[in-house]
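> below are the sequence and a predicted model for it; my questions follow.
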Amino acid sequence: MNGVPISKLEIHQIKQLRKTGHSLPEICSLLKRGNSTVFKYVKDVVVLPQYRDLLREKQGGSKKRSQILWDKARKQANSMSFPLHKEGLVLFIVALYWAEGGKRDLNLTNSDPDLVRIFIQGLFKLGVKKSDLRINLRLYGDIKESVARAFWAQKLDILPESIRGINWLHGKKEGKLPYGMCRIRVTRSGSYFKMIMSSIEHIKEVW
């Protein structure tokens, strides 16, 4: 029923089902409505006291099933034979760069410290020297510079002084980017940049 306006009768049914302890997936299945549509009308509904334990059991079961699936996925991931040799890591950072990197010179900006850390390791595998890296932070006004410097230095295994500069951004991102974004730029990067971009073009042609 995607795209079909929801009727007052359906809204009433959704609320009544919720009051009587029906879970979100159950209501979606019964009324053939999407998760977001149903949630909009159940989020403020108070479940009747006699049905609260029943709903908690269902929700607990859902969390348990989710945890089982996560555990299974982690075991599968750990058992996979990832290409951890040089060529595999280089291919990985090529993919990262395709998604996140600059298109005019060799630079990448991201708020995920593990992504940035792995990208740097990949650059070293390419032959980039540590002295050729230029590391800067992009911070919003509500972020304390010393805290951000210490965080990124610890995550990237560098000295806080190795972070060369701070680019202050307008506005605030309170709670969303507590340590800002890290920008990695490579000097004398012409050959490395061309190699990465050529690899991306090759992947496009092959696939």
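Here it is on my side, so go on.

> any low-confidence regions in the chain?
1-3, 61-62, 77, 80-86, 173-175 (pLDDT under 70).

> in it, where's the longest helix?
If you go by DSSP state H, the chain has its longest helix at helix 49-79.

> could I get the buried residue list for that helix?
Of all the residues in helix 49-79, those buried under the rule 16 or more other Cβ atoms under 10 Å are 55, 58. The C-beta positions use only the backbone N, C-alpha and C, and glycine is treated the same way.

> equivalent analysis for stretch 146-158, please.
When burial is assessed from 16+ other Cβ under 10 Å, stretch 146-158 yields the following buried residues: 148-149, 151-153, 156.

> can you list those residues in a markdown table and add distance to residue 124?
A markdown table is the format used below for the buried residues of stretch 146-158 (distance: Cβ to Cβ, whole Å):
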| residue | distance to residue 124 |
| --- | --- |
| 148 | 24 |
| 149 | 22 |
| 151 | 22 |
| 152 | 18 |
| 153 | 18 |
| 156 | 12 |
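
> let's have these in TSV, adding secondary structure.
Shown next, in TSV, are these (DSSP: H, G, I helix; E, B strand; the rest coil):
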residue	secondary structure
148	helix
149	helix
151	helix
152	helix
153	helix
156	helix
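
> out of the residues you listed, which one sits closest to residue 25?
Taking Cβ to Cβ as the measure, residue 25 sits nearest to residue 151 out of these, at 38.9 Å.

> from what I can see that closest one touches residue 177, true?
No. Contact criterion Cβ atoms under 8 Å: residue 151 and residue 177 do not qualify, at 11.3 Å.

> and the residue of the chain most remote from its centre, how far from residue 21?
Relative to the centre of the chain, the most outlying C-alpha is that of residue 50, 39.8 Å out, by Cα atoms, centre = their mean. Look at residue 50 and residue 21: by Cβ to Cβ, to the nearest Å, they are 8 Å apart.

> how near is the residue most central in space within the chain to residue 75?
Note on the chain: the residue nearest the mean C-alpha position is residue 112, at 7.8 Å, using Cα atoms, centre = their mean. From residue 112 across to residue 75, the span is 24 Å (Cβ to Cβ).
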